[in-house]
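# return atomic coordinates for the entry below.
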Amino acid sequence: MKMPQRLSAILLFAVLILAACSGGDDPQPQSEYFFKFKVNGVQKEFKANLPTHLMAMTYNATADVHMATAIILGDGSDGAKNFVSITALNEEPFATGITYRMQEAILYTGVPVVRIQFTYSDEDGNLYNAVLFQRDGLPMLRTDDASIHFSSITQTKVEGTFDATVLGPVFTTTGRDNNELKITEGQFSLQLQRSGS
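Okay, the predicted model is just below:
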């Protein structure tokens, strides 16, 4: 009698293992969503397969501005290292086939601001950003630049390319250093969440 019970238990365990491994209806393949780029020629790729790895497109009625925002965390990120944050502003809903450029100012509540803010934090937590208008003749280097181009925008997915010139590291006590990083060959395919647009 003990042998059939053991056999039943083993068969039940095997069925449960197989059911857990089969996964049923699989969601989108992990490779469908990605966020990759080069930093000074070194390839970086963040898996964009978490529900929080998305781009949000919203409309701020108070400021009369459309906003696209993405914060993508790399492996091992704790939110303070190994991440990229992009925020783009526009007067109209974002469209495909247009390259949005940081240095083309937009009015935000009546004040001219950069069209794109780009932040990159490396694996050690060194923070670099592009958030200022370019200016010559200042002690602080201001070569900040970024662009983003949407090649596809659907109700649930957004794809495109980006690049940036970021400076840093940024320190809370002394401000931003003048070390320049070139972010090139940026590509993304992200889930899209829309609200208010």
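# list the helices and strands the strand ranked longest in the chain packs on?
In the chain, taking DSSP state E as the definition, the longest strand is strand 175-195. The contact analysis (3 or more CB pairs under 8 Å, 6 or more residues apart in numbering; DSSP states H and E) places strand 175-195 against strand 34-39, strand 54-60, strand 65-73, strand 116-121, strand 127-130, strand 157-171. C-beta here means a position set from N, CA and C on the backbone, and glycine is covered the same way.
# dump those into a markdown table; add distance to Ala88, mean pLDDT and mean neighbour count as well.
Below are these laid out as a markdown table (distance: least, CB to CB, whole Å; pLDDT from 0 to 100; neighbours: other CB atoms under 10 Å):
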| stretch | distance to Ala88 | mean pLDDT | mean neighbour count |
| --- | --- | --- | --- |
| strand 34-39 | 15 | 96 | 18 |
| strand 54-60 | 9 | 92 | 18 |
| strand 65-73 | 5 | 94 | 20 |
| strand 116-121 | 5 | 97 | 23 |
| strand 127-130 | 12 | 97 | 22 |
| strand 157-171 | 9 | 97 | 20 |
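# dump those strands to a markdown table, plus distance to Ile86.
Converted to a markdown table, these look like this (distance: least, CB to CB, whole Å):
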| stretch | distance to Ile86 |
| --- | --- |
| strand 34-39 | 10 |
| strand 54-60 | 8 |
| strand 65-73 | 5 |
| strand 116-121 | 6 |
| strand 127-130 | 10 |
| strand 157-171 | 7 |
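# nearest to Thr96, of those strands?
Checking these against Thr96 by CB to CB gives strand 157-171 as the closest, at 8.1 Å.
# who does Gln117 form a beta bridge with?
Bridge pairing for Gln117 (DSSP bridges) gives the partners Thr87.
# that one: what's it in contact with?
Contact analysis of Gln117 by CB atoms under 8 Å, 6 or more residues apart in numbering lists 85-87, 102, 129-131, 146.
# kindly report the same for Asp136.
Asp136 touches Arg142, counting by CB under 8 Å, 6+ apart.
# 10 Å - rerun?
The neighbours of Asp136, taking CB atoms under 10 Å, 6 or more residues apart in numbering as the test, are 142-143.
# so which helix or strand takes in it?
In this structure, Asp136 is located outside every helix and strand according to DSSP states H and E.
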